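K.L.:
okay, sequence plus prediction incoming.
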Amino acid sequence: MADRIGSLRRLRGRGITQRAYMLQPVRSRAARIATRALACIACVACLAAGGAAVRGYDVHIAATHASCVTPMTPTTPTTPTSRDEVQDALMRAQLALKQEVASRAAVQKSADALAVEVGRLKAQVLFLQGQSHSRR
């Protein structure tokens, strides 16, 4: 009897060490892909919100500058008459243009970085899907 129990323990011990264990995903593939897709959509929404905020800020600044440039008394002409006024208006316009170019460049840089991240994540998803197909 003791001999039989010892052989069972040996068999059981050998079976445990020789089995192939594989990790099983907690969530289904569809849930994982949906989660990644939602993350990408959230990134795009954040970019759109950021662009809208920058645009709104630019409109606000332009309105503020327009109210500063526009004279308060109706008797003075609205177009600049002296060379200095024209030069000041030109410098303000150039500054506003530089600010807009800088803000657009920042948004574009952010969009490019997110596009690279999305590409990297897609490559990882394809790799992991290939790995899961090869194990089956």
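P.N.:
Received the coordinates, thanks.
K.L.:
mind naming the longest helix for the chain?
P.N.:
Ranked by residue count and defined by DSSP state H, the top helix of the chain is helix 83-135.
K.L.:
by contact count, what packs against that one?
P.N.:
Packing contacts for helix 83-135, counted by 3 or more C-beta pairs under 8 Å, 6 or more residues apart in numbering; DSSP states H and E, involve helix 29-69. Placement of C-beta: from N, CA and C, glycine included.
K.L.:
from the contact counts, what lies against the helix it packs on?
P.N.:
helix 83-135.
K.L.:
what angle do helix 29-69 and the helix it packs on make with each other?
P.N.:
On the basis of axes from the mean of the first three to the mean of the last three C-alpha atoms, to 10 degrees, helix 83-135 is oriented at 180 degrees to helix 29-69.
K.L.:
how much space between Ile41 and Gln129?
P.N.:
Here Ile41 is placed at a distance of 20 Å from Gln129 (C-beta to C-beta, to the nearest Å).
K.L.:
those two: who's more crowded?
P.N.:
Gln129 (13 against 10; other C-beta atoms under 10 Å).
K.L.:
give me the pLDDT for the more buried one.
P.N.:
pLDDT, Gln129: 89.
K.L.:
show me the contacts for it.
P.N.:
Arg29 (C-beta atoms under 8 Å, 6 or more residues apart in numbering).
K.L.:
ok, 10 Å please
P.N.:
By C-beta atoms under 10 Å, 6 or more residues apart in numbering, the contact set of Gln129 is 29, 32-33.
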